[in-house]
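Engineer: What follows is a predicted protein model with its sequence.
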Amino acid sequence: MNKKIVIFLVLMIVLGLAVQADRKMWPNMLGNLRFGLYMAENNLFEARLILLFKGEIGLTPEQEQKIENMMLANEDGSRLGDDIEHVHDMRVAVRRMRTAFRLFGEYYRRGSIKRFQKDLRDTGRALGAVRDLDVFNREATRYLRQQPKRRRHDLDPLLAHWRGQRETARLALIAYLDGKPYRAFVQGFGEFVRSPGAGVKPVSDVEPERFLVRDVLSSTVWQRYETVRAYGRVFDRAPMATLHAWRIDCKYLRYTLEYFQSLLGPNASWLIGEVIALQDHLGDIQDAEVAQGILGDFMAQHGGPQNDQGDVILSHVAAYRTYRLDQQASLLATLPKAWGRVDNARFRRRLASSLLALDNSRKER
């Protein structure tokens with residue numbers, strides 16, 4: 001299991017973002033958290049979550065200082081721009097936070113999280129402008145490596161164009177990260193996650209309200225799965241926008257399973273892997289679709305009267321665009337197979353078994 005998710009799960013339960021599990025679950029979760037301490041990826045948000053539980057975990061002063069020093073590592077790396085994974089990791093952290101608010105936000109008072117949702121959305125957009133260009137460049141580089149040596153510079157003008165756009169986006173990202181709104185967000189959000197119970201809706205002591213994990217997780221997971229499964233009826237003729245929405249719903253199902261993986265028994269890891277395979281497949285289709293538009297824009301901007309060299313450049317870009325179109329067609333042709341990994345009786349049986357494990361684990365306690 002990705003130990004970042006264990007950390008995030010604990011925060012969700014304690015703060016009420018999730019559905020406030022039984023206190024008897026704490027020892028096992030804290031054990032997982034302690035084991036995963038050094039495996040957690042270090043980024044702006046999730047390192048703070050480790051520090052939130054430093055007392056329960058039993059961190060030494062040296063460990064605590066190490067986490068403090070690493071906490072802004074991805075933000076600093078995103079500024080430098082020399083390693084694309086810094087931007088990717090920070091963007092993933094933001095997406096997970098946004099998804100958590102979407103999945104569990106009903107357990108908060110609306111006004112208490114609204115400002116953070118907006119700040120996370122703005123941060124994600126600033127990071128996304130850089131990350132998207134990193135992905136375009138990565139895929140084009142892979143394509144060139146498959147070509148004969150004499151053709152490996154065919155896309156140099158295109159790559160140079162993207163580098164210029166990326167630098168513009170990176171400078172905009174730096175300006176955003178240095179701006180007062182973002183710094184205020186970092187401070188405010190840090191205080192928020194360090195304040196257990198902040199913004200949580202009150203729960204009646206006398207009225208039967210569904211808020212425990214045992215009361216809501218099963219129906220939540222099945223609803224997420226049913227939402228994903230509904231696309232199976234139409235995906236073979238659906239427009240790209242629908243396939244993109246399908247990917248997003250797969251992400252919600254995946255994250256729901258990941259947040260509660262430690263409670264769902266041994267089948268949870270397999271289930272998550274199958275959902276990830278479908279989500280990634282749909283993501284590759286979407287990436288190819290976006291690439292079509294980006295390449296088309298480049299060709300339109302550099303069209304018109306051309307000299308011989310300009311015509312050659314456009315022909316190389318057109319060849320790459322055809323390659324991406326063929327790649328997308330292949331992905332669409334194999335989409336039924338990817339969907340079959342999730343739409344089958346074995347998957348549903350294991351999903352049901354995982355949800356039964358939730359009840360069984362509680363009885364054992």
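Structural biologist: Perfect, I can see it now.
Engineer: so which helix or strand takes in Arg183?
Structural biologist: Element membership of Arg183, judged by DSSP states H and E, is helix 180-193.
Engineer: how about the helices of the stretch 51-200 of the chain, start to end?
Structural biologist: Applying DSSP state H, counting those that start in this stretch to the stretch 51-200 of the chain gives helices spanning 54-57, 61-70, 73-80, 84-104, 110-145, 156-178, 180-193.
Engineer: Ok, which of those helices comes nearest Trp246?
Structural biologist: helix 84-104 (15.6 Å; CB to CB). Where you see a C-beta, it was placed from the backbone N, CA and C, and this is true even at glycine.
Engineer: If we go by neighbour counts, what in the closest one is buried?
Structural biologist: Across helix 84-104, burial judged by 16 or more other CB atoms under 10 Å covers 84, 86-101, 103-104.
Engineer: so what does it touch, helix or strand wise?
Structural biologist: helix 3-15, helix 73-80, helix 110-145, helix 240-259 (3 or more CB pairs under 8 Å, 6 or more residues apart in numbering; DSSP states H and E).
Engineer: can I get the CA coordinates of that helix in CSV?
Structural biologist: Extracted C-alpha coordinates of helix 84-104, given in CSV (Å, rounded to 0.1, in the frame of the first residue of the first chain):
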residue,chain,number,x,y,z
ILE,A,84,9.6,17.3,-14.0
GLU,A,85,8.7,14.9,-11.2
HIS,A,86,8.7,17.8,-8.6
VAL,A,87,5.8,19.4,-10.5
HIS,A,88,4.1,16.1,-11.0
ASP,A,89,4.3,15.1,-7.3
MET,A,90,3.1,18.5,-6.1
ARG,A,91,0.2,18.4,-8.6
VAL,A,92,-0.8,14.9,-7.5
ALA,A,93,-0.8,16.0,-3.9
VAL,A,94,-3.1,18.9,-4.8
ARG,A,95,-5.4,16.6,-6.8
ARG,A,96,-5.7,14.1,-3.9
MET,A,97,-6.7,17.0,-1.6
ARG,A,98,-9.3,18.2,-4.1
THR,A,99,-10.7,14.8,-4.5
ALA,A,100,-10.8,14.2,-0.8
PHE,A,101,-12.8,17.4,-0.3
ARG,A,102,-15.2,16.2,-3.1
LEU,A,103,-15.6,12.7,-1.6
PHE,A,104,-15.9,13.7,2.1
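Engineer: just the helices in the stretch 201-350 of the chain please.
Structural biologist: According to DSSP H, counting those that start in this stretch, the helices that the stretch 201-350 of the chain contains are 213-230, 240-259, 268-301, 308-333, 335-340, 345-364.
Engineer: got the contact list for the second one?
Structural biologist: By that I understand helix 240-259. Outside of helix 240-259, the residues within contact range by CB atoms under 8 Å, 6 or more residues apart in numbering are 1-2, 5, 8-9, 12, 18, 96, 99-100, 102-103, 220-221, 224-225, 227-228, 231, 234-235, 238, 264, 268, 271-272, 275-276, 278-279, 282-283, 285-286, 289, 354.
Engineer: follow-up on the earlier one: from the chain's centroid, how far away is the helix holding Arg183?
Structural biologist: 21 Å (CA atoms, centre = their mean, to the nearest Å).
Engineer: Much appreciated, bye for now.
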